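Asker: Got a predicted model here, sequence first, then my questions.
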Amino acid sequence: MVWPANGRGVGDNDQVNLYRDDAIVLRTQKLGEADRIVTLLTRRTGRVRAVAKGVRRTKSKFGARLEPFSHVDVQLYAGRSLDIVTQVETHDAFGNRLAADYPRYTAGTAMLETAERLTAEEREPSLRLYLLLVSALRALTEETHDSRLVFDAFVLRALAVSGYSPALGECARCGADGPHRWFSVAGGGMMCGDCRPAGSATPAVESVSLLGALLSGDWTTADASAPRHRREASGLTAAYLQWHLEHGIRSLRLVEHA
């Protein structure tokens, strides 16, 4: 038996229905009297929806391991429409450490929703997004940085790996070198005076620098930023995220009021 790149076992050139992968639990929903449908972002397979049978029973062997935020090693049986969870082991139960801190919990919840929304197609590998999500959840639990900074950094980088990185150092339309004064959510980032559309924002230079720091992982600059620039950068990040999704992130309003 060998394990190819997609995580599915292969023997004698025949694909086996059982496969194994690392995953973050994004969401769960009830199914029948005792089961749940679990939405997972996996390392190799992308977003997967699977049935976890009997996990709502008090004697379930792995119900607690399949809660949102859980980082797990999971074995699944590939079904026609929904896969079936057959085994699960916990790498890290991020949710247990986030539950007692409302701002961090809400930021994490919005991260899970964002990750699900950015993986529009099931079973399309999203390794970079998976790694970003694991790192961001770990950063939230370690409490090294402000929770909203961690959330904004995750959103900006997740959008970048999805092909929606905002232009910050050059004009988003004509490519002219900056710095520029105007930020257009619909236009794709900073814009020069000739290209800026009506209604463009004029963020502070420090707020734009903060966006760049969050996008590049410059935590020294991000941690030293002033509250007013964090608020402005967060507003631009939220607006930019909402623009690129068909529907809004419902949990984002909880982050904004945390």
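Answerer: Thanks, I have the structure now. Keep in mind the model is a prediction, meaning the values are calculated, not measured. Numbers count the residues shown, from 1 in each chain.

Asker: Can you name the next helix or strand after the biggest strand by length in the chain?
Answerer: Ordering each strand of the chain by length in residues (DSSP state E) puts strand 14-31 first. Later in the chain than strand 14-31, the nearest helix or strand by DSSP states H and E is strand 35-42.

Asker: What is that next one packed up against?
Answerer: Using 3 or more Cβ pairs under 8 Å, 6 or more residues apart in numbering; DSSP states H and E as the contact test, the elements touching strand 35-42 are strand 14-31, strand 46-52, helix 102-118, helix 127-142. Yep, even glycine has a C-beta here, placed from its N, CA and C like the rest.

Asker: follow-up on the earlier one: so how far is the longest strand of the chain off the chain centroid?
Answerer: Distance, stretch centre to chain centre, for strand 14-31: 18 Å (Cα atoms, centre = their mean, to the nearest Å).

Asker: Could you spell out the sheet neighbours of it, each with its direction?
Answerer: strand 8-11 (antiparallel), strand 35-42 (antiparallel), strand 70-77 (antiparallel) (DSSP bridges).

Asker: Identify each buried residue in the last one, please.
Answerer: Across strand 70-77, burial judged by 16 or more other Cβ atoms under 10 Å covers Ser70, His71, Val72, Val74, Gln75, Leu76.

Asker: so the following helix or strand past it versus helix 127-142, what angle?
Answerer: From strand 70-77 onward toward the C-terminus, using DSSP H and E, the following helix or strand is strand 83-93. For strand 83-93 against helix 127-142, the angle by axes from the mean of the first three to the mean of the last three Cα atoms, to 10 degrees is 40 degrees.

Asker: Give me the residues contacting the helix or strand that strand 83-93 is followed by.
Answerer: Using DSSP H and E, the next helix or strand after strand 83-93 towards the C-terminus is helix 94-98. If you take Cβ atoms under 8 Å, 6 or more residues apart in numbering as the criterion, helix 94-98 is touched by Glu67, Pro68, Phe69, Ser70, His71, Arg104, Tyr105, Gly108, Leu137, Arg138, Leu140, Thr141.

Asker: Apply 6 Å and report the result again.
Answerer: Helix 94-98 has contacts (Cβ atoms under 6 Å, 6 or more residues apart in numbering) with Glu67, Phe69, Arg104, Tyr105, Gly108, Leu137, Thr141.

Asker: Now for the last one, how many residues are close by?
Answerer: Per other Cβ atoms under 10 Å, the neighbour tally for Thr141 reads 19.

Asker: got it, and the second one?
Answerer: The number of residues packed around Phe69, counting by other Cβ under 10 Å, is 23.
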